[in-house]
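Engineer: Got a sequence here, can you build the structure:
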Amino acid sequence: MPLEDWEAFQEAHHRPHLVIVDLPRKSDARARRLGLAFLERLAERLRLPGPYAMNIDGTDIKVAFESDLDARRFGEPLMARPRGKEAAWASTARCSLDRQAKRRITNALRAAHLKLAKRPPDD
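Structural biologist: Below is the predicted model:
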């Protein structure tokens with residue numbers, strides 16, 4: 001499912017699931033845009049079936065999902081940890097996106113891609 005506009009997503013989905021991705025504290029505007037682009041590529045590679053939206057909020061990138069399964073799948077490679085309930089969200093999780101996390105995720109995605117490439121064709 002394609003990335004949706006943050007405001008439109010918020011209006012269309014009651015109490016979605018939220019993953020908050022912390023960027024390094026001294027992230028400038030360019031670093032925030034690069035972090036957002038990295039997360040967009042991650043979501044594309046995971047082929048999440050449900051709608052989702054992303055929004056930069058200071059040094060956080062908020063990613064909202066209609067489905068709790070999509071939120072968990074997205075948060076897993078980021079090692080997102082569940083947080084307490086908040087009124088506006090059905091569930092929340094938080095993680096960091098530093099250089100080490102990016103390297104770990106990139107390697108995992110590369111390995112998964114290679115594994116898929118080696119699978120025999122379906123008959």
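Engineer: And the strands in this protein?
Structural biologist: Counting by DSSP state E, the segments of the chain that form strands are 3-4, 17-22, 52-57, 60-65, 81-82, 91-96.
Engineer: Could you spell out the sheet neighbours of the fifth one, each with its direction?
Structural biologist: The reference is to strand 81-82. Within its sheet, and counting by DSSP bridges, strand 81-82 is paired with strand 91-96 (antiparallel).
Engineer: Repeat that for the second one.
Structural biologist: When pairing is defined by DSSP bridges, strand 17-22 lines up against strand 60-65 (antiparallel), strand 91-96 (parallel).
Engineer: Outside of that strand itself, which residues are in contact with it?
Structural biologist: With contacts defined as CB atoms under 8 Å, 6 or more residues apart in numbering, strand 17-22 is touched by 35, 39, 59-68, 70-71, 74-75, 78, 80, 83, 86, 89-97. All C-beta atoms are positioned from the backbone trio N, CA, C, and that covers glycine.
Engineer: repeat for the first one
Structural biologist: With contacts defined as CB under 8 Å, 6+ apart, strand 3-4 is touched by 12, 40, 43, 51-54.
Engineer: Surely residue 31 touches residue 25?
Structural biologist: No: the pair residue 31 and residue 25 fails to qualify as a contact (CB atoms under 8 Å) at a distance of 10.6 Å.
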